[in-house]
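*Asks:* The sequence isn't on hand, but the structure is:
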DNA sequence: TCTTTTTCTGACCGTATGGTCAGGTTGAGG
DNA sequence: CCTCAACCTGACCATACGGTCAGAAAAAGA
């Protein structure tokens, strides 16, 4: 389990732990700055300041600005995919899609900055994660579309275009992160616990009814869906 | 109708027309570059090249990068608001919301770059259009929410949270612009005429059914202004 | 303690950017 | 044809940026 240095010496805890902690600090600061300013608007100096480290130190951990950015994007993509799994093993659309909406909205809430970075990346033509779109994401999408088609065939939901349904799920949930600022302005302040519950309920209600599924009138408890923290 | 210079001389066509044309060229180029690179990543040189003009000339028409950016954002906001009007004078949710979805999706298609700039602006905390959010947009939203509440009271649709419904409309339609690249990858190429029709149909179908309105299975012709409904 | 490796950082560098400006060009009015 | 304001632009400038590097400091092993 111990990693080794180039010279074969085992890394023991102290140093490795510190390294991990610093990388984490930098990644978090970078995520914030990239989310707030975009890749082009972000500067290594700003990230360094927010991380409380000298700029040169960032370059010790991440060779270039782009490498750091890539790390941030890959991180949020992993979280994004982890949430996808809640759609597996679902008996039908009510549980599967309902749980997926909950999970994605939780991500919009807990990882708003990461979501923004992801959105920004895709919006600008996915310069660094094009390959992910063409492989992992495409496969995932095809798989879920197949599941939805099966549900339709089994009469568990109305016939809709599965791809466009998926886009709608992404859009409706992602919106609460990407346009969070706009929503907060209209809401007159940050969303409260109750507001978030209303958001989840509304999205689930409209979409589930929209695909011909009873929107589970019995309110469920706030799911202890473990937020896929890294 | 003729405008006048500071010295009172009337501007006749030739010069004014050229000015308009140049401004238009610059704005269009700027919209593209801002959409592709973000505010921070865009450079005046890039915009100038795309517009086919020397960089110094941009600064003759728009004093600063930020002024140019602001002009681009205000432009798309005007389009955005214009689309909003289709929701007026609608007898009920089927026409009003259906038409709004059509209009917003058409904007995502025809003004994808502008939509991206808008999204980017809001995502980064609306540094230049905060006031619009707090005035025009807030008023508009309150007005439409009231209309939706009236429709609910009149039994024309199921009871849903009007704000969250609006967010969902924005999200589902805006997504086709902002995440257009992702959609194209998954679609295996740009959306065809048929794809766009499917998108419109899917979004309308799911949302309208989701709010308890018959998604009008019989394709209607473009409605005359006064539908026979009360 | 001494040696080696990793970690850290102030100072520095080449480049690209937003913006300026002096001076040239154009075209409308007289 | 002349005048003058509007229009245009190459050359230039100060700054800020991403990135480098020599060498100090700290930790680990022997």
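*Replies:* It's in. Note that this is a predicted model, so its numbers are computed, not measured. Numbers count the residues shown, from 1 in each chain, chains lettered A, B, ... in the order given.
*Asks:* and the residue in chain A that DNA strand C sits nearest to, backbone torsions?
*Replies:* Closest to DNA strand C within chain A is residue A:56: 2.9 Å, counting by C-beta to the nearest atom of the strand. Quick note: C-beta positions are derived from backbone N, CA and C, even for glycine. Main-chain torsions, residue A:56, degrees, to the nearest 10: phi -60, psi -30.
*Asks:* Local confidence estimate at it?
*Replies:* Here the pLDDT value assigned to residue A:56 is 98.
*Asks:* what does residue A:84 give?
*Replies:* Value for residue A:84, per-residue pLDDT: 87.
*Asks:* Tell me how many other residues surround the residue of chain A closest to DNA strand C.
*Replies:* The number of residues packed near residue A:56 is 9, by other C-beta atoms under 10 Å in any protein chain shown.
*Asks:* That one and chain B, how far apart?
*Replies:* Per C-beta to the nearest C-beta, to the nearest Å, residue A:56 is found 22 Å from chain B.
*Asks:* Kindly provide the distance from that residue to residue B:21.
*Replies:* 49 Å (C-beta to C-beta, to the nearest Å).
*Asks:* Next: residue A:162.
*Replies:* 46 Å.
*Asks:* In terms of packing, which of these two has more residues around it?
*Replies:* residue A:162 (20 against 10).
*Asks:* in chain A, which segments are predicted with low confidence?
*Replies:* A:1-15, A:216-230 (pLDDT under 70).
*Asks:* now the helices for chain A?
*Replies:* With DSSP state H as the criterion, chain A has helices at A:13-41, A:44-51, A:55-61, A:65-84, A:93-110, A:112-123, A:130-132, A:138-153, A:162-178, A:180-187, A:193-210.
*Asks:* residues of the first one that come out buried?
*Replies:* Spelled out, that is helix A:13-41. A:22, A:26-41 (16 or more other C-beta atoms under 10 Å in any protein chain shown).
*Asks:* OK, contacts around the residue nearest the centre of chain A?
*Replies:* Chain A has residue A:80 as the residue nearest its centroid, 3.8 Å off, counting by C-alpha atoms, centre = their mean. Residues counted as contacts of residue A:80 (C-beta atoms under 8 Å, 6 or more residues apart in numbering or on different chains) are A:107, A:118.
*Asks:* swap in residue A:52?
*Replies:* residue A:25.
*Asks:* ok, residue A:197 - how many residues close by?
*Replies:* With other C-beta under 10 Å as criterion, residue A:197 counts 14.
*Asks:* That one and DNA strand D, how far apart?
*Replies:* 40 Å (C-beta to the nearest atom of the strand, to the nearest Å).
*Asks:* show me which of the buried residues of helix A:13-41 neighbour chain B.
*Replies:* A:35, A:36, A:37, A:38, A:39, A:40, A:41 (C-beta under 8 Å from any C-beta of the partner chain).
*Asks:* farthest-separated two in these?
*Replies:* A:35 and A:40 (13.2 Å; C-beta to C-beta).
*Asks:* So for those two, which residues contact both of them?
*Replies:* With C-beta under 8 Å, 6+ apart, residue A:35 and residue A:40 have no common neighbours.
*Asks:* and the closest residue to residue A:176 other than its chain neighbours, how many neighbours does it have?
*Replies:* Leaving aside its chain neighbours, residue A:176 sits nearest to residue A:108 (4.2 Å; criterion: C-beta to C-beta, 6 or more residues apart in numbering or on different chains). Other residues near residue A:108 come to 23 when the count uses other C-beta under 10 Å.
*Asks:* One more: residue A:64?
*Replies:* Counted with other C-beta under 10 Å, residue A:64 comes out at 11.
*Asks:* Can you give me the distance of the residue nearest to residue A:176 to residue A:33?
*Replies:* Counting by C-beta to C-beta, the gap from residue A:108 to residue A:33 is 19 Å.
*Asks:* what sits against the spatially closest residue to residue A:37 that is not a sequence neighbour?
*Replies:* Spatially, and ignoring its direct neighbours in sequence, residue A:37 is nearest to residue B:40 (5.9 Å; C-beta to C-beta, 6+ apart). By C-beta under 8 Å, 6+ apart, the contact set of residue B:40 is A:37, A:38, A:39, A:40, A:41, A:42.
*Asks:* And for residue A:76?
*Replies:* A:31, A:111, A:114, A:115, A:117, A:118.
*Asks:* Export the residues you listed to CSV and append columns for distance to DNA strand C.
*Replies:* Shown next, in CSV, are the contacts of residue A:76 (distance: C-beta to the nearest atom of the strand, whole Å):
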residue, distance to DNA strand C
A:31, 19
A:111, 26
A:114, 24
A:115, 27
A:117, 21
A:118, 25
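*Asks:* out of these, who's nearest residue B:170?
*Replies:* Nearest member of those to residue B:170, counting by C-beta to C-beta, is residue A:115, at 16.0 Å.
*Asks:* Could you measure from the closest one over to DNA strand D?
*Replies:* 22 Å.
*Asks:* nearest residue to that residue other than its sequence neighbours?
*Replies:* Residue A:115 sits nearest to residue A:177 (C-beta to C-beta, 6+ apart), 3.5 Å away.
*Asks:* Quick check: the one you found vs DNA strand D, distance?
*Replies:* When residue A:177 is compared with DNA strand D (using C-beta to the nearest atom of the strand), they lie 24 Å apart.
*Asks:* Likewise for residue A:179?
*Replies:* 26 Å.
*Asks:* who touches that residue in this structure?
*Replies:* Contacts of residue A:179 (C-beta under 8 Å, 6+ apart): B:119, B:122, B:123, B:167, B:170, B:171.
*Asks:* Now rank the residues you listed by neighbours and give me the top one.
*Replies:* Counting by other C-beta under 10 Å, top hit in the contacts of residue A:179: residue B:123 with 26 neighbours.
*Asks:* in terms of contact, does residue A:59 touch residue A:47 like I think?
*Replies:* No - at 10.9 Å, residue A:59 does not count as touching residue A:47 under the criterion of C-beta atoms under 8 Å.
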